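Novice: the sequence and its predicted three-dimensional model are supplied below.
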Amino acid sequence: MQNAINCEPLKDLVRTVPDFPKPGILFYDITTLLKDKAGFAQMIDALAAHYIGKDVDLILGIEARGFIFGPAMAYRLNAGFVPVRKPKKLPAPTAKVTYDLEYGSDSLEIHLDAIEPGQRVVIVDDLLATGGTMQATVQLVKQLGGEIAGLAFAVELDFLRGRQKFAEYDVFSLLHYSE
Ligand SMILES: O=P(O)(O)OC[C@H]1O[C@H](OP(=O)(O)OP(=O)(O)O)[C@H](O)[C@@H]1O
Ligand SMILES: Nc1ncnc2[nH]cnc12
């Protein structure tokens, strides 16, 4: 089932903020969607629906905004949730990767024992821009031997062409923006 629910009206609930966090960036603010109870429920249902019957063991959420969607999707799909965190937040031994962002660079870490080899993993984040954050997380999952069942986003900025980095994967985004 490919996005059977019409999610286009949810776009009306996403606020755009010019020049945040720095000049020239148009920021897509999902907090206005999150606080709408019907909108939030529809978004989680539609994201989870894409993976029903696809044998997902784990949902990985990327700090910070992936933590909003990941646990709710995991609950719906009867899967576990794994946090992928900014540096020095996880207490046990980790794998680490550094990556470039639309507006800077950052690092991410995952617990070495978070994924068992062969487990089927969906990685979720709020937004796909250049794809640097997701690409880094894909590297972490591969390093731990996980099988990538899909990459999920609430919002995709089509004009940044981040999707091109993930030709071999099932990339599923609910809301697309062309500018
Ligand atoms: O596709 P990309 O170009 O990598 O950009 C997308 C990433 O940028 C934002 O996170 P940010 O690093 O701002 O961190 P935050 O979630 O902690 O605010 C967003 O939540 C994605 O994780
Ligand atoms: N333009 C943007 N709006 C919201 N989140 C982002 N993350 C990276 N680019 C972004």
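Specialist: That came through fine. Ligands and ions are numbered 1, 2, ... in the order given.
Novice: and residue 21, helix, strand or coil?
Specialist: Following DSSP: H, G, I helix; E, B strand; the rest coil, residue 21 is assigned to coil.
Novice: pLDDT value on it, please?
Specialist: On pLDDT, residue 21 comes in at 92.
Novice: ok, now residue 102?
Specialist: Residue 102 carries a pLDDT value of 65.
Novice: all numbers from here: first residue = 8
Specialist: Renumbered: residue one is now 8, and that last one reads residue 109.
Novice: what strand or helix carries the most centrally placed residue in the chain?
Specialist: In the chain, the C-alpha nearest the mean C-alpha coordinate belongs to residue 132, at 1.6 Å (Cα atoms, centre = their mean). Using DSSP states H and E, residue 132 sits in strand 127-135.
Novice: just list what that strand packs against, helices and strands only.
Specialist: On a contact count with 3 or more Cβ pairs under 8 Å, 6 or more residues apart in numbering; DSSP states H and E, strand 127-135 meets strand 65-69, helix 73-84, helix 139-150, strand 154-164. Heads up, the C-betas are built off the backbone N, CA and C, glycines and all.
Novice: using PDB, write out every CA atom in the last one.
Specialist: When you say that, I think you mean strand 154-164. Extracted C-alpha coordinates of strand 154-164, given in PDB (Å, rounded to 0.1, in the frame of the first residue of the first chain):
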ATOM      1  CA  GLU A 154      19.600  -5.000   6.600                       C
ATOM      2  CA  ILE A 155      17.900  -1.700   5.500                       C
ATOM      3  CA  ALA A 156      14.200  -2.300   4.900                       C
ATOM      4  CA  GLY A 157      13.500   1.400   4.200                       C
ATOM      5  CA  LEU A 158      14.200   5.100   4.700                       C
ATOM      6  CA  ALA A 159      11.300   7.100   6.000                       C
ATOM      7  CA  PHE A 160      10.700  10.900   6.100                       C
ATOM      8  CA  ALA A 161       7.800  13.100   7.000                       C
ATOM      9  CA  VAL A 162       9.000  15.800   4.700                       C
ATOM     10  CA  GLU A 163      11.300  15.700   1.600                       C
ATOM     11  CA  LEU A 164      12.800  18.800  -0.100                       C
END
